[in-house]
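Q: only geometry, no sequence info:
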């Protein structure tokens, strides 16, 4: 299970990457940096929250996880 801090850090790193991609695409469509920045910041905030809660939800699902083997003392 991921800690809250790990989920938060993963969210932040992914949002930085995705935000730069979004900014580039929106700028290519609008040609205006101010409008592109405003749109990108709103989208980034909404998607960061969505991603964080999605990660926390999936962390509670056991499906598809491998169980770790117990460590045996010598």
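A: Right, received. Where do you want to start? No experiment lies behind these values; they were computed from the predicted model shown.

Q: which residues of the chain score low on pLDDT?
A: Low-confidence segments of the chain, defined by pLDDT under 70: 74.

Q: residue contacts, residue 26?
A: Residues in contact with residue 26 (Cβ atoms under 8 Å, 6 or more residues apart in numbering) are 35-36, 39-40. C-beta coordinates here come from the backbone N, C-alpha and C atoms, glycine included.

Q: mind redoing it with 6 Å?
A: By Cβ atoms under 6 Å, 6 or more residues apart in numbering, the contact set of residue 26 is 36, 39-40.

Q: and of the residues you listed, the nearest to residue 4?
A: residue 40 (26.3 Å; Cβ to Cβ).

Q: right, and the closest one touches residue 22 too?
A: Yes: under the criterion of Cβ atoms under 6 Å, residue 40 lies in contact with residue 22, with a separation of 4.9 Å.

Q: ok, and the closest non-adjacent residue to the spatially most central residue of the chain?
A: In the chain, the residue lying closest to the centroid (Cα atoms, centre = their mean) is residue 11, at 3.4 Å. Closest residue in space to residue 11, ignoring its immediate chain neighbours: residue 52 at 4.6 Å, by Cβ to Cβ, 6 or more residues apart in numbering.

Q: so the one you found, which state does it fall into?
A: Secondary structure, DSSP: H, G, I helix; E, B strand; the rest coil: residue 52 is helix.
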